[in-house]
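J.: here are the coordinates; sequence isn't available:
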């Protein structure tokens, strides 16, 4: 099956169809709305399910087996965040605050992306390394912390330059610095203690403790109902995305292009590198998807306080209105096709072996 056929097939899956249904409902001004209680419950449920499976997989495979993928993912996430900033600042001509906010949004990872990716692989009859859920938890706060630190450094440097040139210690730039200074420890604490990370890490620990045998008693809830929960959640995501379609024209052609090309590039790099370090066909897809995803749930919560000068309309609209639909409809099939080719369709061929054989 080629990429176009896979994309077409993906479009007809329940998850994508319900997502599109949510968009249509929003565009026709329907009063359809997921009840607030369910809306708050579903992300917790999905993260708990992902974490439980991740913990069980870590117990089965051993913690040491995830160290290399973990460190590689951390390195790539930080490198990509810096690369995003340079592109946005130099080519896009965005200001420092918007550049770092967008860079961290696309350097962070999306738990919703991850959930959809797992369902996509299930439809293809492919499994992935469960411990990638732990990598998801580790990567979540990294890009934000780095972006906030770099923002503080950049503004501090500009402030000193301004003071030296004007000889005025109470300049407007100093006021801007004081407003933009954010303690990294505070951001780290808020990120780690946020409900998403807490439920994910807690579920990983519980999954590790109970193992396969203990999971059987709750399997019907956290396994059999997983796809159904995603479908309902996708309705809400579609409604929110549909409400933001009018904002897409506000982000401009450059950011729209960035929101499509950067996830594709990051995802492909992720698939290539993860295959080289020995991840399976499905694992490489999920690793690539982690790097291709953009955060639209954690990002607003962190950035509105950490970098208040940045425009939420830019990083929320681009991540949720453009990148998320593109990733779940197009990027996933692309990553799966590339990973299938590299693994020769059976999930066992290592990329290094391909190079050696050639």
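T.: Nice, I can see it. The model shown is predicted, which means the values in this text are computed figures rather than measured ones. Residues are numbered from 1 along each chain as shown.

J.: The nearest residue to residue 208 once chain neighbours are set aside: which element?
T.: Spatial nearest neighbour of residue 208, chain neighbours left out: residue 55 (3.8 Å); criterion: Cβ to Cβ, 6 or more residues apart in numbering. Where you see a C-beta, it was placed from the backbone N, CA and C, and this is true even at glycine. Per DSSP states H and E: residue 55 is located in helix 36-61.

J.: Return the set of buried residues in that helix.
T.: Within helix 36-61, the residues that count as buried by 16 or more other Cβ atoms under 10 Å are 42-43, 45-59.

J.: same deal with stretch 335-348?
T.: Buried residues in stretch 335-348, counted by 16+ other Cβ under 10 Å: 335, 336, 337, 338, 339, 340, 342, 343, 347.

J.: Would you confirm that the residue nearest to residue 208 contacts residue 207?
T.: Yes: counting by Cβ atoms under 8 Å, residue 55 does reach residue 207; the two are 2.4 Å apart.

J.: Give me the distance between residue 261 and residue 326.
T.: 10 Å (Cβ to Cβ, to the nearest Å).

J.: Listing request: residues of the stretch 51-200 of the chain with sub-threshold pLDDT.
T.: 158-193 (pLDDT under 70).

J.: Swap in 80 and give it another go.
T.: 63, 140-141, 147-197 (pLDDT under 80).

J.: Any buried residues in the helix or strand hosting residue 259, and which?
T.: Following DSSP H and E, one finds residue 259 within helix 248-276. For helix 248-276, the neighbour count (16+ other Cβ under 10 Å) marks 248, 251, 255-256, 258-260, 262-264, 266-276 as buried.

J.: ditto for stretch 298-314
T.: Neighbour counts over stretch 298-314 (16+ other Cβ under 10 Å) mark 298, 299, 300, 301, 302, 303, 306, 307, 309, 310, 311, 314 as buried.

J.: The fourth one: which element?
T.: Element membership for residue 301 (DSSP H and E) is helix 298-306.

J.: what does the average pLDDT come to for that helix?
T.: Regarding helix 298-306, the rounded mean pLDDT is 78.

J.: distance between that helix and the chain's centre?
T.: 14 Å (Cα atoms, centre = their mean, to the nearest Å).

J.: And stretch 330-340, by the same measure?
T.: The answer for stretch 330-340 is 17 Å, by Cα atoms, centre = their mean.

J.: oh, and call the first residue 276 from now on, that's how I've got it
T.: Okay, residue one is now 276; in that scheme the one you just asked about reads as stretch 605-615.

J.: any residues touching that stretch, and which ones?
T.: Here stretch 605-615 makes contact (Cβ atoms under 8 Å, 6 or more residues apart in numbering) with 276-278, 281-282, 284-285, 391-392, 395-396, 399, 401, 538-539, 542-543, 545-547, 550, 556-557, 559-560, 563-564, 567.
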